[in-house]
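Colleague: Sequence and predicted structure below; questions after.
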Amino acid sequence: MKSLQFILLALLIFPLSVQSQKRKKKSAIPVITVQDSMFHGLKWRNIGPFRGGRSVASTGVVKQPMTYYMGNTGGGVWKTVDDGITWKNVSDGFFKTGTVGDIAVSESNPNIVVVGMGEHAARGVMTSMGDGVYKSNDAGKTWQHMGLDHTRHISDIIIHPTNPDILFVAAQGAQYGPSTDRGIYRSLDGGATWEKVLYINDITGASSLSMDMKNPLILYAAMWQHQRFPWTITSGGKDSGLYKSTDGGDTWKKMKEGLPKEFGKAGISVSRANPERVFAVLEAKGEKGGVYRSDDAGKKWTQVNKDRINIARSWYYMEIFADPQDENLVYILNAPVTKSIDGGNSFKPLSTPHGDNHDLWINPIDNNKMINSNDGGANVSNNGGKTWSSQQYQPTSQFYRVITDNLVPYNVYGGQQDNSAIAIASRTNDQGIDWKDWYSVAGCESAYLAFDPDNPEVVFGGCYQGIIEKWVRASREGKPIKEYPELALGNAPEDFKFRYNWNAPIISSPHKRSTIYHAGNVVFKSMDNGNSWDIISPDLTRNDKSKQGPGSGPYTNEAAGGENYNTIMYLVESPHEKGVLWAGSDDGLIHLTKDGGLNWTNVTPPNLKEGIVNSIEVSPHDPGTAYVVVMRYKQMDLKPYIFKTSDYGTTWYNITNGITGEHTFVRVVREDKRKKGLLYAGTETGLFISLDDGQNWQPFQLNLPIVPINDLIIQDNDLVAATAGRSFWILDDLAPIQNMDSPKKQISIFKPKDTYLIFGGHTDKPVPGLGQNPKSGVTFDYYLDTDADSLDLKLEVLHKGKTIRTYTNKKPKDFKSWPGGPSKPETLPSKKGFNRFTWDFRKENLPAVDKVFVYGSYAGSRVGPGTYQLKLTVDGLTSETEVTVMKNPKVEGTTANYEEQQTVLGHIESGIKSIHESVTSMLSAKAQLKSYAELLKGNDKAEKLLEKGKSLIERIETWEGKLIQPKQKTFQDVINFNNRLNAEFMELKSYVDVAEPKVTQGAKERLKDLMAEWKTYENERNAIVNDEMEAYNKLYNDLGLPAIILNE
């Protein structure tokens, strides 16, 4: 048995509370203010996956049959106007929290949309609370907050069918503590004011609300006595009940006849087809649970079905919906959806795209049209649920953790709740990141993942109840390797040999990647790919037996693993010292071993109450420094908790100054790998940063949506975020943040990270179904102390002392655009603050021939690996840096290959440049000849000159017709008219200017032939210029014609 030591001596020497330690730590340096407006071009990008995450709310628009709304847990509100083919977020920029409980659209005025916040499915692992009600008066374009902030979790919203000023809200209320904000609320003025019209007590909230749409004075409500704890949920009791109002909510009467005296969660729905018929589904003891029906508007109730399939996970989902057109048709949402066509007497499963279902809206004028919300997003059906729309265009995945490999480009890994664990590319060579760019790996929805980041061929991944799997990429096969295989589902943790968190930690040792650690209530270690495990710690939790019983009660026991308690939540090995491991538990303990697990010390901060130790960050700069995040929202303590130690846990400081608000409790902290003391904190609603090692924090959201950030990791100087509701996001290159506190000059350019020669498409605006790539090229940042729009800002890219590309902040005044012509030059941003720009690896653009279509790109060719200088100049001031452009390690090619490629491209571009400049000059000469012909028309003295000029024009046109094709006007004309020599050069450029640098023999031969052909035409041009044009000029002078001709 490993020893467990408590640092009593340290507590005697340092008898200071965490709070008093905080007061002694004062900042002597002025706080640098950080504002999003200081950064121009620095943006997060969403890489996906575009695989929907949990949604518990959806609705449609009655007379707009292709328009629907979806509310996600963490992901905000989304809207589709094409039957669910594509979705667009409509709440970003307006909502202060991201988790939606319900959505309603007014039937009388579809511009009015009302949203209730807070997930009402009472999950134990993670259920985010909301901040009340939001309303839109313009179909989701803009939103206003309408109060009810502390209702926390809203289950239903109903809008009066003819008077949209009358609103009802069913507030389920706070899950983790008593609350007087539960109950049914009514507004008579469109949400400006609210009145609580039904309240039972502080542990009984409203789980369901239904209105008789033919007589909107009649309402039915299901009230649910419940309270959640970190280790269990109490669902049901004497205060649960079904209630009815016949006066628009003024008074309510509890319905009793035919119903159980006590029950748990319930759903209720009145038939629109026959308002006398009301359905309810109840969680209750034994066979009393099931489907009940009233055929007299709630006076008497009869149990019509008791199938377990309808009530198996009662307190988690279990909703009921009466069809609006058929009184005998009713649906129950659980796992799965079930459907009855005989008034609830019998049910059959209805196939949906995901197994866990939460909400259903049926169009009241066409019951074939419906939308279902489930743990994979929302799906639209136009045939009564026979087929459904896809979840592929919904970037609303929930990820608990994130880890990356070291490949180029790197991949991002994580377990998606209610789906699989995946690996997804951080960028691609295509237009974006789509389904082919990610794949499932080891483990399941709750997975921690571990592997050798330099060679991630074998991936270790976890699942609930301590399941751990070894997965081999080559075979795509997995093998379970749990330390002690036992079927824990359905059992209480007190009966387990080992207790595991839903997100049980799995890590590989940074000192020997084949060493794998897995944590339950103890720490396991394997050095043989999981074939055998050693226990290297005692129980590192509080091991409170009173908190290891059934996961729920008194009627339903759900033991899937989400309620397992007294488990290790986080485990990390120091990157500096082998065998130094930190472990944090879900009940608020922190332990440290310095000898590989032989001895463990409890280093928990003094007076820290129970809470989830959600992350431990060992400083990349100092082995004794660590940052610990504790979450206590499951104790209804919404304050942020970040602790720092610089002496291996002997003393601690609470470092949360500046993080305020009850929806900004912290989930994770990471320290910048390059800048000591630069910290990033992921909170329940976004990102905070600290420039002074946690003494002061400031929000730093940029374009990141309001969403819980569960985890962060820094890879290749990028910040990668795992969100709970918006998939993965990446903030590319942290250089401007790392330079925030550097001395500011009038102009400062910052050294960009070494950049690989990776090509790929990019769109500034997101494309449905595609994760965003970064811009291809060298992305860098520069600081200007004032707006420089009126000044001349210039960037020069130099290689070996020669300028190869120039940019300015001025839009070119003489730029012309036409089909098949050059693209508009990019301009440098020149705003006060930090500006971001990307040099696209290319040399200067090629010259064009005015108004001439050509099949090919005028963009300059890409550079090869090497060192390049970036020189920024404004108002006589200069700032310089350099960047190393590196070979893509996935591309074959030697230094000699790259050098030859650049040489060949140089010759090709020289040919294109010569052709276009020659043609342009000859076109100018031809225009002059035509002008003189017009001016000298009728002048007998000029007759010979006019004939010679006509001949010369024909000569030039014959010559240019071999070099350009003026008949081509559109892309399709490429196959209608012969391509000329300039297009052949352009085509060869596209063949050679590719990622793999080795130039083919065919390309070399083609270049040789093209250059020879151009030499012929160049000689012909020279002959025209030197002989025929010279003869024309001589004749002009010999005739004594005036230089200036007046047309009279």
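Modeller: Okay, I see it.

Colleague: can we go C-alpha only for contacts and neighbour counts from here?
Modeller: Noted.

Colleague: residue boundaries of the helices in the stretch 701-850 of the chain?
Modeller: Secondary structure of the stretch 701-850 of the chain (DSSP state H, counting those that start in this stretch): helices at 735-738.

Colleague: ugh, typo on my part, it should be the chain
Modeller: Secondary structure of the chain (DSSP state H): helices at 8-13, 18-24, 735-738, 895-935, 943-960, 981-992, 1001-1023, 1030-1038.

Colleague: send the alpha carbons of the fifth one over as PDB?
Modeller: Output of helix 943-960 as PDB, limited to C-alpha atoms (Å, rounded to 0.1, in the frame of the first residue of the first chain):
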ATOM      1  CA  GLU A 943      -0.900  58.300 -98.200                       C
ATOM      2  CA  LYS A 944       2.300  56.200 -98.100                       C
ATOM      3  CA  LEU A 945       2.600  56.500 -94.400                       C
ATOM      4  CA  LEU A 946      -1.000  55.400 -93.900                       C
ATOM      5  CA  GLU A 947      -0.400  52.300 -96.100                       C
ATOM      6  CA  LYS A 948       2.700  51.500 -94.200                       C
ATOM      7  CA  GLY A 949       0.800  52.000 -90.900                       C
ATOM      8  CA  LYS A 950      -1.900  49.700 -92.000                       C
ATOM      9  CA  SER A 951       0.600  47.000 -92.900                       C
ATOM     10  CA  LEU A 952       2.300  47.500 -89.600                       C
ATOM     11  CA  ILE A 953      -1.000  47.100 -87.700                       C
ATOM     12  CA  GLU A 954      -1.700  43.800 -89.500                       C
ATOM     13  CA  ARG A 955       1.900  42.700 -88.700                       C
ATOM     14  CA  ILE A 956       1.500  43.400 -85.000                       C
ATOM     15  CA  GLU A 957      -2.000  41.800 -84.900                       C
ATOM     16  CA  THR A 958      -0.600  38.600 -86.600                       C
ATOM     17  CA  TRP A 959       2.200  38.600 -84.000                       C
ATOM     18  CA  GLU A 960       0.100  39.200 -80.900                       C
END
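
Colleague: tilt between that helix and helix 1001-1023?
Modeller: Put simply, helix 943-960 runs at 180 degrees to helix 1001-1023, going by axes from the mean of the first three to the mean of the last three C-alpha atoms, to 10 degrees.

Colleague: For helix 943-960, name the packing helices and strands.
Modeller: Judged by 3 or more C-alpha pairs under 8 Å, 6 or more residues apart in numbering; DSSP states H and E, the packing partners of helix 943-960 are helix 895-935, helix 1001-1023, helix 1030-1038.

Colleague: who touches the last one?
Modeller: If you take C-alpha atoms under 8 Å, 6 or more residues apart in numbering as the criterion, helix 1030-1038 is touched by 945, 948, 949.

Colleague: quick one: buried residues of it?
Modeller: Within helix 1030-1038, the residues that qualify as buried are 1032, 1035, 1036, counting by 16 or more other C-alpha atoms under 10 Å.

Colleague: and those residues as a markdown table, adding pLDDT?
Modeller: A markdown table is the format used below for these (pLDDT from 0 to 100):
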| residue | pLDDT |
| --- | --- |
| 1032 | 93 |
| 1035 | 93 |
| 1036 | 90 |
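
Colleague: could you dump the residues you listed to a markdown table with distance to residue 375?
Modeller: As requested, the buried residues of helix 1030-1038 are exported to a markdown table (distance: C-alpha to C-alpha, whole Å):
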| residue | distance to residue 375 |
| --- | --- |
| 1032 | 82 |
| 1035 | 87 |
| 1036 | 85 |
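
Colleague: Including distance to residue 658, could the helices and strands packed on helix 943-960 go into TSV?
Modeller: Below are the helices and strands packed on helix 943-960 laid out as TSV (distance: least, C-alpha to C-alpha, whole Å):
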stretch	distance to residue 658
helix 895-935	51
helix 1001-1023	62
helix 1030-1038	79
